[in-house]
Every structure is written in C-alpha cells, then in structure tokens.
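Trainee: coords please:
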Amino acid sequence: MTATRSDLLPTRGNLWRTQELLDVGVGKRTITAFVADGTLVRLRQGCYVRGSSWLKQPPSVRNLQLIHAHAHGTRTTSGGRSRYTHTSGARLHGLYLWKVDSLIHLTQPTSPSRDRHGADVVCHTAIIEPGDQANVAGLPSTTLECTAADCGLILPYRPALIIMDHALRLGADRAVIQARTEHCNGQRGVRSLRRVLAAADPSAESPGETLTRDLIHQLRLPAPEPQLEVMTRLGTYRLDFAWRERRLALEFDGKSKYFDYRPTDQVLYEERRREKALMEMGWTVLRIEWKDLFNEGEFKNRVLRSLRD
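Mentor: This is a model prediction of the structure:
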C-alpha cells in the first residue's frame, strides 16, 4: 500500500505542537509543506491540526478547537492562574452563541505583557474566586453562573440573552447570578446584565425562540404562553408560543429542527400531521423563520392579523 502524507503524522490525536511533530520525524520543512497543501492547518503559532479533520468541522466546533489549540499549543493555562472565561467559557459549556466573534477570552489575576498572547486573545484581569472556578471539557474555566454573568457584561443585549436563557435551561442558579450581578454594581455593562437576567426564560429551547420572545415583547404584542402543552388525537404537542384564548400557536422553524437528527421528509411529515390534529381542535399555527425576526413590521402585522381572525 502506498504511504500518504497523513501516514507521517502522529497516530494519536489530531492536534499537535511543533515539538510533537518533530519528535515523530516530521521536520520543519515537511511541516511547512503540509500546511501549504492542506495536510495540516496551522491554528496558531506552534500548534497544528490535521487538515482532513478541520475541514469536516462546522464553525461552532472549529471555534471550540481554537480554544483547545490555545491551551495545547501555548500552555498558558498550565500554571493554574489563567482561565477561559466569557464567550470562551460559554463555548466550553456548550451554550448557544449568536453573533459572537471567535476571539479567545482568558482571565488571569495580573495584567499580561502585550506580546505574551496572540492577536486572537482577549485578556481580562481579575481574581476568580474558588467558588466561581470550574473545569470544563478538560480546561480551566468558570462556573455556568459566572460564565453567563460575564457574557452579560460584555455582549450586546440579544446575544447575551440567548446565552442567559440557555444557561438557566442547563441548570444555572438564577439566585447565584443575581447575587453576582449585585456584586458587579458600578462595573461597565452591569445595567445590560440586569436587563438580560430580568428578561431571561429557561423555557426557550433555541436561540430562535429567545429572539422570538424578545421581539414579541419589544413590539408590545400580547404576551403568549411559552411551551404550552396541548393534547391532540396524536398525543401531546408542545407549542413554542401560544395565545390560549385565541387558539393561536406560533412556531419557530429553524434549520436545526429539521436537519439535526432525523431525515427531513420524516420530520416534515410528522409536523404536518401534528398541525392537522391541532387544526381539528380549532388551533391556527403561525410559522416563522429566521428572516421573519428581522422584518419587524411584517412580523407584527402577521401576529395581529392572526389574533384578530
């Protein structure tokens, strides 16, 4: 069998430091050639990932890989004084992110020298108390509560609300976040954090549902019930949002709803059956997509028309 370039790489793992490649006989010239032809992808100085593995990863996984590459390649957290925080902590916790850059956020007790970290690293200076510390995905980070609060301090309202909704849904303690918010009095971004926490709702199952709920509130539409369960002849159907008295359901149709787990045709068929069962009981189902969330006038008119019908 003819050997391939990949056969020269280490047999274990997909992420390596330069020295690890040198140790198995992959010289510096070969590393350069591998990067040029795509066998390797250089994630940062001194750290490489197998090209075939990198190409298969969606953006969310790539951003997570960049954090691991930072830890693996630079070893800046090996002393235990630095932790991945803010949106990097959110990525490690698996929280939903929307309109968030891929910068790596690192918090340490002292200010680092300007040239210690790369341009893709944002360094925060703070002492993270033991109760706020956590080990997530094998890396030093912060607790779910601390992570959500930190994101609320630096992010715009809607991206922060998506993170807060998801953190609460995963079990974050609202009281702990509230106490941390009060501890942040006077800090930049604390007003936005208060607003985010006050509006957060763990019933949201996706970023689209969070944004839909917020849009309904911002447009001052009648407040619906989230995740209302309705019994039909096909069983219980949980509605994203419902105006019970008007028998109006609003469903957010995101791509992940149809493509993540089961064949698209099967999911659409089951959706149509459930919707027909709801209609038999007098319900109207209003379906919206991502694009509808950014056409506020049309969105408001559709909801109001449906509520009047």
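Trainee: burial measure for Q57, as a count.
Mentor: 14 (other CB atoms under 10 Å). All C-beta atoms are positioned from the backbone trio N, CA, C, and that covers glycine.
Trainee: same thing with M279?
Mentor: M279 - counted by other CB under 10 Å - has 13 other residues nearby.
Trainee: Ok, L8 next?
Mentor: Neighbour number of L8 under other CB under 10 Å is 15.
Trainee: Residue numbering should commence at 52 henceforth.
Mentor: Understood, numbering begins at 52; the last thing we discussed is L59.
Trainee: okay, which residue is most central for this protein?
Mentor: Centroid-nearest residue in the chain, with CA atoms, centre = their mean: Y147, separated by 2.4 Å.
Trainee: Relative to R142, how far out is the spatially closest residue to Q108 that is not a sequence neighbour?
Mentor: The shortest distance from Q108 to any non-neighbouring residue, by CB to CB, 6 or more residues apart in numbering, is to Q116 (6.5 Å). In this view, Q116 and R142 are 10 Å apart by CB to CB, to the nearest Å.
Trainee: Repeat that for I339.
Mentor: Applying CB to CB to I339 and R142 gives a distance of 28 Å.
Trainee: pLDDT weak spots in the stretch 52-201 of the chain?
Mentor: 52-57, 125-131, 163-168 (pLDDT under 70).
Trainee: quick one, strands of it?
Mentor: 66-68, 91-95, 98-101, 134-135, 155-159, 172-176, 184-187, 190-193 (DSSP state E, counting those that start in this stretch).
Trainee: again, but for the stretch 252-360 of the chain
Mentor: 276-283, 286-294, 299-303, 335-339.
Trainee: Export those as CSV, with columns for mean pLDDT, mean neighbour count and distance to R80.
Mentor: Below are those laid out as CSV (pLDDT from 0 to 100; neighbours: other CB atoms under 10 Å; distance: least, CB to CB, whole Å):
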stretch, mean pLDDT, mean neighbour count, distance to R80
strand 276-283, 92, 14, 59
strand 286-294, 91, 18, 56
strand 299-303, 94, 22, 53
strand 335-339, 92, 18, 55
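Trainee: now those strands as TSV including distance to T193?
Mentor: Listed next are the strands of the stretch 252-360 of the chain as TSV, based on distance: least, CB to CB, whole Å:
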stretch	distance to T193
strand 276-283	28
strand 286-294	31
strand 299-303	30
strand 335-339	35
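Trainee: just to revisit the earlier point, compare neighbour counts for Q116 and R142 and give me the winner.
Mentor: R142 (26 against 20).
Trainee: Spatially nearest residue to that one, not counting backbone neighbours?
Mentor: L115 (5.1 Å).
Trainee: Do you know the pLDDT at P258?
Mentor: Looking at P258, its pLDDT is 94.
Trainee: And for the one 4 residues further on?
Mentor: As summarised for this prediction, L262 has a pLDDT of 96.
Trainee: ok, it to T161 distance?
Mentor: If you go by CB to CB, the gap between L262 and T161 works out to 39 Å.
Trainee: When those two are compared, which one has more neighbours?
Mentor: The neighbour count for L262 versus T161, taken as other CB under 10 Å, is higher for L262 (21 against 9).
Trainee: For burial, what's the neighbour tally of the closest residue to that one other than its chain neighbours?
Mentor: Nearest residue to L262 in three dimensions, chain neighbours excluded: L344, at 5.2 Å (CB to CB, 6+ apart). As a burial measure, L344 scores 16 neighbours (other CB under 10 Å).
Trainee: And R353, by the same measure?
Mentor: That count, for R353 with other CB under 10 Å as the rule, works out to 16.
Trainee: In contact with the closest residue in space to it that isn't next to it in sequence, which residues?
Mentor: Excluding the flanking residues, the one nearest R353 by CB to CB, 6+ apart is L337, at 6.5 Å. L337 is in contact with L299, A300, L301, E302, R353, V354, S357, counting by CB atoms under 8 Å, 6 or more residues apart in numbering.
Trainee: So what pairs up with L337 in the strands?
Mentor: L301 (DSSP bridges).
Trainee: roughly how far apart are it and H156?
Mentor: For L337 relative to H156 (CB to CB), the value is 39 Å.
Trainee: Please apply the same query to L248.
Mentor: In terms of CB to CB, L248 sits 20 Å off from H156.
Trainee: The two - which one has more neighbours?
Mentor: Using other CB under 10 Å as the criterion, L248 and H156 rank with H156 on top: 23 against 20.
Trainee: my read: the more buried one touches S139, true?
Mentor: Yes: contact criterion CB atoms under 8 Å: H156 and S139 qualify, at 4.4 Å.
Trainee: Good, we can wrap up now.
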